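Student: how would this look folded up:
(one chain, ligands or ions: 2)
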Amino acid sequence: MTEQLRTHVAEQLENARARTAVLTEAVDDADLVRQHSPLMSPLVWDLAHVGNQEELWLVRDLGGREPVRRDIDELYDAFKHPRRDRPTLPLLNPAEARAYVATVRDKALDVLDRVRLDEGRPLVADGFAFGMIVQHEQQHDETMLATHQLRAGAPVLDAPPPPRARTPVAGEVIVPGGPFEMGTSTEAWALDNERPAHLVDVKAFAIDAAPVTNGQYERFIADGGYDDPRWWSPAGWAHRHEANLVAPKHWVRDGAGWAHTRFGRTVPIEPDAPVVHVCFFEAEAYAAWAGRRLPTEAEWEKAARYDPATGRSRRYPWGDEPPGPQHANLGQRHLSPAPVGAYPDGASPLGAHQLIGDVWEWTSSDFRPYPGFVAFPYREYSEVFFGPDYKVLRGGSFGTDAAACRGTFRNWDYPIRRQIFSGFRCARDLRPDELG
Ligand code: AVJ
Ligand code: FE
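Tutor: Ligands and ions are numbered 1, 2, ... in the order given. Predicted coordinates for the structure are as follows:
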């Protein structure tokens, strides 16, 4: 492994651990072992699970070392115990969990120091296994942030507010028809479900220049959108009643209007910021009410990556450089979505803004393998989730780290989920007179 790559891996591992530390040290031990919602694990489970995956992949598999704690593998296997049951397991206590992840990290860094690249194992190439573990920890850091959002009690997390709008952004952009390259075969740390690169022919379409805002979404509510079955799919309408949906999760009545709770504080709705904590069914209903639809996953990716000047697909909307603070609201730098227009430097060539960061964006697509998909390194990362049960979300949120977010990155969840940092933007087919 080149020294540069080793240094990069070590930094990325350290970034993830620093974020994990913030999220798990902000609360006391009682809070760490408590279940804040049946949808989520106790934070102390996430902590030790992150260490256990690092042990399995870096220490044992890649490093060939003796197990640190083989006896706890079963406790931290996400497939063995549903989240709601995790608080009743004989979990490591907070001190044990901290000691465990520190021991594993020492060993993983030792493996990093000694691993040889030239043995040609795919797990080692470009530091893939390390990248996978970095992304895994960062994904759990986002999950832990969602747990914090569900937690009752005084605020414990703090961050500077996101930047203000710097440019007006409204309306939609037209994305030309024709094939584009979707997915990747070259992105070193891309996960199996993002591979391989393949051509997809997408008809010309229009997509919003920005995610749907709180102000826009409030008009849907005020217009009786939650009480009109015309806008909802049958499954969505059934769920709307069963779960008694009346507004995005975490919105609370404030006189005639709405406020929302955020990490223990009640704050006014910001009309120009992307709406967050809506499920797929709410996104779909809003789009129908607006006379539009959700983009397909391929449309979203074309809007985000296609450069009409060269015909190439970029790594990110703004180009190939990794996300900087000027490009996108990522990495828990700010603890809310930024208003539309806050990231002109992150716009796509066609003028779509904030595709990366702020809120995950629901697409209309089921989570399916790309043609030529090969599960790597294990079926349980993506393959077992393929099918009609999960919808794809794209682009990352303010809670997602840059390491776990790119133009090709695919997230998925059940269409009823809204404890995640999920929003959306709308799209539509072009009218014949617009087809040129
Ligand atoms: C890709 C976010 C759907 O959290 O279930 C974490 C990531 N996989 N541990 C999830 C993941 C295993 C996954 N998502
Ligand atoms: Fe996990």
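Student: hmm, who's touching stretch 194-203?
Tutor: 175, 177-187, 296, 298-299, 302, 313, 370-374, 408-410, 429-430 (Cβ atoms under 8 Å, 6 or more residues apart in numbering). (Glycine included, C-beta is placed from N, CA and C.)
Student: so what's residue 220 up against?
Tutor: Residue 220 makes contact with 285, 286, 289, 290, according to Cβ under 8 Å, 6+ apart.
Student: Report the buried members of the contacts of stretch 194-203.
Tutor: Neighbour-count burial (16 or more other Cβ atoms under 10 Å) is assigned, among those, to 175, 180-184, 187, 296, 298-299, 302, 313, 370, 373, 408-410, 430.
Student: List, one by one, the residues from this protein near ligand 1.
Tutor: 136, 139, 143, 411, 412 (Cβ under 6 Å from any ligand atom).
Student: and the last one, what helix or strand is that in?
Tutor: Right, residue 412. In the assignment (DSSP states H and E), residue 412 maps to strand 411-413.
Student: Which residue, other than its chain neighbours, is closest to the residue nearest the centre of the chain?
Tutor: Nearest to the mean C-alpha position of the chain, by Cα atoms, centre = their mean, lies residue 396 at 4.2 Å. In space, and not counting its chain neighbours, residue 396 is closest to residue 405: 3.5 Å by Cβ to Cβ, 6 or more residues apart in numbering.
Student: The one you found: what's it in contact with?
Tutor: So residue 405 contacts 323, 330, 356, 357, 395, 396 (Cβ under 8 Å, 6+ apart).
Student: In which helix or strand does the residue in the chain that ligand 1 sits nearest to reside?
Tutor: With Cβ to the nearest ligand atom as the measure, residue 139 is the residue of the chain nearest to ligand 1, at 4.3 Å. Here residue 139, judged by DSSP H and E, is contained in helix 128-150.
Student: got it, and residue 363?
Tutor: Residue 363 belongs to strand 360-367, assigned by DSSP H and E.
Student: all strands of the stretch 251-400 of the chain, in order?
Tutor: 251-254, 257-262, 265-268, 360-367, 387-394 (DSSP state E, counting those that start in this stretch).
Student: Point out the most buried one among the ones you listed.
Tutor: Burial of the strands of the stretch 251-400 of the chain is given as mean neighbour count (mean count of other Cβ atoms under 10 Å); strand 360-367 ranks first at a mean of 23.
Student: follow-up on the earlier one: isn't the residue nearest to the centre of the chain right up against residue 409?
Tutor: Yes: in this structure residue 396 lies within contact range of residue 409 using Cβ atoms under 8 Å: 6.9 Å.
Student: In helices, which of the contacts of residue 405 appear?
Tutor: The members of those all map outside helices under DSSP state H.
Student: just the buried members of those residues?
Tutor: 323, 330, 356, 357, 395, 396.
Student: Quick one: those as a markdown table, columns for distance to residue 266 too.
Tutor: Formatted as a markdown table, the buried ones among the contacts of residue 405 follow (distance: Cβ to Cβ, whole Å):
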| residue | distance to residue 266 |
| --- | --- |
| 323 | 31 |
| 330 | 25 |
| 356 | 29 |
| 357 | 24 |
| 395 | 27 |
| 396 | 26 |
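Student: Of all pairs in the residues you listed, which one is the farthest apart?
Tutor: 323 and 395 (11.2 Å; Cβ to Cβ).
Student: Identify the contacts common to those two.
Tutor: Counting by Cβ under 8 Å, 6+ apart, the shared contacts of residue 323 and residue 395 are 356, 357, 405.
Student: got the contact list for the second one?
Tutor: By that I understand residue 357. Here residue 357 is in contact with 323, 327-330, 338, 343, 346, 395-398, 400, 405 (criterion: Cβ under 8 Å, 6+ apart).
Student: The same query, at a cut-off of 6 Å, please.
Tutor: Residues near residue 357 by Cβ atoms under 6 Å, 6 or more residues apart in numbering: 328, 329, 330, 396.
Student: what's the closest of those to residue 160?
Tutor: For the contacts of residue 357, the nearest to residue 160 is residue 329 (11.5 Å; Cβ to Cβ).
Student: Look at the closest one and say how many residues are nearby.
Tutor: Look at residue 329: counted by other Cβ atoms under 10 Å, it has 30 neighbours.
Student: Now it: closest residue in space, sequence neighbours ignored.
Tutor: The spatial neighbour of residue 329 that comes closest, neighbours along the chain excluded (Cβ to Cβ, 6+ apart), is residue 357 at 4.0 Å.
Student: just to revisit the earlier point, tell me how far the residue of the chain closest to ligand 1 lies from residue 10.
Tutor: Distance of residue 139 to residue 10, computed by Cβ to Cβ, to the nearest Å: 20 Å.
Student: who's more crowded, the two?
Tutor: A count of neighbours by other Cβ under 10 Å puts residue 139 above the other of residue 139 and residue 10, at 18 against 15.
Student: and the more buried one, what does it touch?
Tutor: residue 404.
Student: Filter the contacts of stretch 194-203 down to just the ones in helices.
Tutor: Going by DSSP H, the helices hold 298, 299, 302 from those.
Student: Quickly name whichever of those residues is closest to residue 381.
Tutor: residue 298 (21.6 Å).
Student: sorry, back to before: now render the contacts of residue 357 as a markdown table, adding pLDDT.
Tutor: Formatted as a markdown table, these follow (pLDDT from 0 to 100):
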| residue | pLDDT |
| --- | --- |
| 328 | 98 |
| 329 | 99 |
| 330 | 99 |
| 396 | 98 |
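Student: Redo the residues you listed as a markdown table? Include distance to residue 166.
Tutor: Below are the contacts of residue 357 laid out as a markdown table (distance: Cβ to Cβ, whole Å):
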| residue | distance to residue 166 |
| --- | --- |
| 328 | 14 |
| 329 | 13 |
| 330 | 17 |
| 396 | 20 |
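Student: Just flag the most distant two among these.
Tutor: The distance between the two most remote of the contacts of residue 357 (Cβ to Cβ) is 9.0 Å, for 329 and 396.
Student: Helices of the stretch 101-250 of the chain, residue ranges please.
Tutor: 128-150, 214-222, 234-242 (DSSP state H, counting those that start in this stretch).
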